[in-house]
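Novice: can you look at this prediction? I've put the sequence above it.
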Amino acid sequence: MSDYPTELRYTNEHEWVLAAGDRWRIGITSFATKTLGDLVFIELPAVGRVVEMGEAIGTIESVKAVSEIFSPISGKITAVNEAASEDPETVGETPYGDGWLIEIEPSKRGELDELLTAEAYAKHVTEA
């Protein structure tokens, strides 16, 4: 379970949320990065965009496939990680650190309770 930090919440689609303060950070999990392989392109949403939980907000392209990124919570996008867009391998190397993707100002904080804990996410990926 050490691959999945316990302070984060997770989606079945392999995104994570760090719920701290007024701006929550979002990225993709180490499971997703390992599954995708070498990342070559990331398209992130515009700052200021308002999104709903489960809405597609971008794409990640690897040498194997193109995958959509889904917003794990509803809110307004307040920042995007331009460094990750410019160097997608950062996401693969440090998905929970410098490889974060967006920050969002949540509009429905209760949605966090609908997401998976680290333990539940670890079980989800082992059953997949």
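Specialist: On my side now, so go ahead. Numbers count the residues shown, from 1 in each chain.

Novice: give me the most central residue, this structure.
Specialist: residue 27 (2.5 Å; C-alpha atoms, centre = their mean).

Novice: surely it is within a strand?
Specialist: Yes - with DSSP: H, G, I helix; E, B strand; the rest coil as the criterion, residue 27 is part of a strand.

Novice: surely it touches residue 16?
Specialist: Yes - Residue 27 is within contact range of residue 16, at 5.5 Å (criterion: C-beta atoms under 8 Å). Where you see a C-beta, it was placed from the backbone N, CA and C, and this is true even at glycine.

Novice: what about the helices in the chain?
Specialist: Ranges of helices in the chain, per DSSP state H, are 30-36, 82-86, 89-93, 118-127.

Novice: need those helices in JSON lines (columns: mean neighbour count).
Specialist: Formatted as JSON lines, the helices of the chain follow (neighbours: other C-beta atoms under 10 Å):
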{"stretch": "helix 30-36", "mean neighbour count": "19"}
{"stretch": "helix 82-86", "mean neighbour count": "14"}
{"stretch": "helix 89-93", "mean neighbour count": "18"}
{"stretch": "helix 118-127", "mean neighbour count": "14"}
